[in-house]
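J.: here you go, sequence then predicted model.
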Amino acid sequence: MKTIEIYDPAMCCSTGVCGPVVDPELIRMSAVVHNLKKQEVNVSRYNLTSEPDAFVSNAAVRQLLTDEGPEVLPIIFVDGKVAKKQGYPTNEELEQWTGIAASELIAKPRIRLEIKTKSQ
């Protein structure tokens, strides 16, 4: 099973998909992470604001931050090795790393809502 770790820059919430202006790249990554987990890929995502200990406890992340500063974020690890830094992976990169088709990675989750009225 593949393991992917994402070390995000400081954001207001765990996914960055909040607030009045949302970065479309963060929306894409949120959907991709959801779909990777559905495909049983072990994905962990760490936010510098809410989980600074994860950044300190990972020696490679700590060293990259020391050497290159916070501009190095996001940092993406695949199976314990740095696969990308200073940007989120493309769908094609994720497909290469996981073997999961890019079209499956960006599929929007289907949510079924049931609304009951008082007369029901």
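T.: Yes, it's here. Numbers count the residues shown, from 1 in each chain.

J.: contacts and neighbour counts: CA atoms only from here.
T.: Will do.

J.: tell me how far L26 lies from M11.
T.: 10 Å (Cα to Cα, to the nearest Å).

J.: pull the longest helix from this protein.
T.: For the chain, the helix with the greatest residue count under DSSP state H is helix 24-38.

J.: name the helices or strands packed onto that one?
T.: Here helix 24-38 touches strand 42-47, helix 102-105, going by 3 or more Cα pairs under 8 Å, 6 or more residues apart in numbering; DSSP states H and E.

J.: what's the angle from that helix to strand 42-47?
T.: Helix 24-38 and strand 42-47 are oriented at 150 degrees to each other (axes from the mean of the first three to the mean of the last three Cα atoms, to 10 degrees).

J.: tell me the buried residues in helix 24-38?
T.: Going by neighbour count (16 or more other Cα atoms under 10 Å), the buried part of helix 24-38 is R28, M29, S30, A31, V32, V33, H34, N35, L36.

J.: okay if I get the helices and strands packed on helix 24-38 as JSON lines plus mean neighbour count, distance to F77 and mean pLDDT?
T.: Compiled in JSON lines, the helices and strands packed on helix 24-38 are given as follows (neighbours: other Cα atoms under 10 Å; distance: least, Cα to Cα, whole Å; pLDDT from 0 to 100):
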{"stretch": "strand 42-47", "mean neighbour count": "17", "distance to F77": "10", "mean pLDDT": "95"}
{"stretch": "helix 102-105", "mean neighbour count": "16", "distance to F77": "18", "mean pLDDT": "88"}
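
J.: quick one: which of the ones you listed is nearest P89?
T.: Among the helices and strands packed on helix 24-38, the nearest to P89 by Cα to Cα is helix 102-105 (11.4 Å).

J.: tally of neighbours for the residue lying closest to V78 once chain neighbours are set aside?
T.: Nearest residue to V78 in three dimensions, chain neighbours excluded: I4, at 4.7 Å (Cα to Cα, 6 or more residues apart in numbering). Per other Cα atoms under 10 Å, the neighbour tally for I4 reads 23.
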